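Trainee: Return atomic coordinates for the entry below.
(one chain, ligands or ions: 2)
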Amino acid sequence: MLEPVLQMSGVAVVRDGSTMLADVDWTIRDGERWVVLGPNGAGKSTLLHVAGASLFPSRGTVELLGERFGAADLGELRTRVGLSSSSLGDRIPPHEKALDVIVTAAYGVVGRWSERYDPADVARAQDLLGRMGLRAFADRRFGTLSEGERKRVLLARALMTDPELLLLDEPAAGLDLGAREALLRLLTRLAQDDDAPPTVLVTHHVEEVPVGTTHALLLSRGRSIASGPVTEVLTGPLLSRAFGLPLVVEGREGRYTARAAAL
Ligand SMILES: Nc1ncnc2c1ncn2[C@@H]1O[C@H](COP(=O)(O)OP(=O)(O)OP(=O)(O)O)[C@@H](O)[C@H]1O
Ligand SMILES: [Mg+2]
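Mentor: Ligands and ions are numbered 1, 2, ... in the order given. Model prediction:
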């Protein structure tokens, strides 16, 4: 079997005496599409930062893309991972044009428009904008885009460098129903693309799990309480444990809904 894309063993993150992650084991293999679900403060973003080589854990071992944390140059490793998050979105200057937001990923920066871009990079960024349904938005300022349009630009940016692992932290947060469904359609298309990298999507809502998701990890208070094939993990009993209230979960044609159980 191919070597895993990511392998975490006994990973813990402790900051200022508080435990953000504890004893997490997690393996991601090529072709897998993961969701990480859990309530606010469960440690999802922290887990993603470790997976993306931007945070070194306090304990445990991590092997990412064949390199072991501690032995590898994490800065170099980070360039091989695509990350989209609202905190990255917040760092993008509002006057930056949508196309530049995407192209600058190739140069590992935000807010720089004076680089001499390689025409091949510009063509790739234009192609990605088109795939996100935003072909006409190349010259629009990032600050004038709607929340849904911004999320799609950030997804295109994360894909720009042809990453070997794609990490998406709450890509559908703050979207209205139509924008959420449009984004989920794009993510489903990506999930079904054999050339797309293994993907991890973080969310609080089972309704935001795209069709094509293969695996799920449930986090609660920094601990992994279940991980494995999506249909085995997104169940009422396990989600009830993760969110700390009795839930009824239904799955239908690859989509999920959850609601509180009747008392
Ligand atoms: N620098 C820090 N020092 C101490 N605790 C921190 C620090 N940064 C984050 N935390 C805490 O770590 C826990 C996990 O945070 P994290 O951002 O990973 O959660 P999350 O699951 O992504 O939450 P959300 O769904 O709200 O985004 C939270 O309780 C948070 O308050
Ligand atoms: Mg978070």
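
Trainee: Give me the neighbour count for the residue in the chain positioned nearest to ligand 2.
Mentor: Per CB to the ion, Ser45 is where the chain lies closest to ligand 2, at 3.2 Å. In this view, the C-beta of every residue, glycine as well, is placed from N, C-alpha and C. Ser45 has 18 neighbours, counted by other CB atoms under 10 Å.

Trainee: Mind listing residues that contact the helix or strand hosting it?
Mentor: Assigned by DSSP states H and E, Ser45 belongs to helix 44-51. The contact list for helix 44-51 (CB atoms under 8 Å, 6 or more residues apart in numbering) reads 6, 8, 11, 13, 20-21, 24, 26, 28, 36-38, 55-57, 62, 64, 81, 83, 85, 165, 167, 169, 200, 202, 219, 222.

Trainee: Buried among those residues? Need that as a selection in PyMOL.
Mentor: The buried subset of those, as determined by 16 or more other CB atoms under 10 Å, is captured in PyMOL by this line:
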select buried, resi 6+8+11+13+20+21+24+26+28+36+37+38+55+57+62+64+81+83+85+165+167+169+200+202+219+222
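
Trainee: near ligand 1 too, which of the contacts of helix 44-51?
Mentor: Met20, Gly38 (CB under 6 Å from any ligand atom).

Trainee: Pull up the gap between Ala196 and Leu165, please.
Mentor: Using CB to CB, to the nearest Å, Ala196 is found at 11 Å from Leu165.

Trainee: cool, and Arg29?
Mentor: 11 Å.

Trainee: Overlap in contacts, these two.
Mentor: Val5, Pro198.

Trainee: What is the neighbour count of the one residue in the stretch 51-200 of the chain that gets nearest to ligand 1?
Mentor: Closest to ligand 1 within the stretch 51-200 of the chain is Glu170: 6.8 Å, counting by CB to the nearest ligand atom. By the criterion of other CB under 10 Å, Glu170 has 19 neighbours.

Trainee: okay but it is in contact with Ser85, surely?
Mentor: Yes: Glu170 is in contact with Ser85 according to CB atoms under 8 Å; the separation is 7.2 Å.

Trainee: Which parts of the stretch 51-200 of the chain are helices?
Mentor: Remark: helices assigned in the stretch 51-200 of the chain by DSSP state H, counting those that start in this stretch are 74-78, 86-91, 98-103, 119-131, 147-160, 177-191.

Trainee: interface residues of the stretch 101-250 of the chain facing ligand 1?
Mentor: His204.

Trainee: Please work out which residue of the stretch 101-250 of the chain is closest to ligand 1.
Mentor: For the stretch 101-250 of the chain, CB to the nearest ligand atom, closest residue to ligand 1: His204, 5.7 Å.

Trainee: any idea how far that residue lies from Lys44?
Mentor: Counting by CB to CB, the gap from His204 to Lys44 is 8 Å.

Trainee: which one of these two has more residues nearby?
Mentor: Just comparing His204 and Lys44: by other CB under 10 Å the higher neighbour count belongs to Lys44, 23 against 16.

Trainee: which residues does the spatially closest residue to the more buried one that is not a sequence neighbour form a beta bridge with?
Mentor: Distance criterion CB to CB, 6 or more residues apart in numbering; nearest residue to Lys44, sequence neighbours excluded, is Val202 at 4.6 Å. Val202 has the following beta-bridge partners by DSSP bridges: Val36, Asp169.

Trainee: Just to check, Val202 is in contact with Asp169?
Mentor: Yes: counting by CB under 8 Å, Asp169 is a contact partner of Val202 at 4.7 Å.
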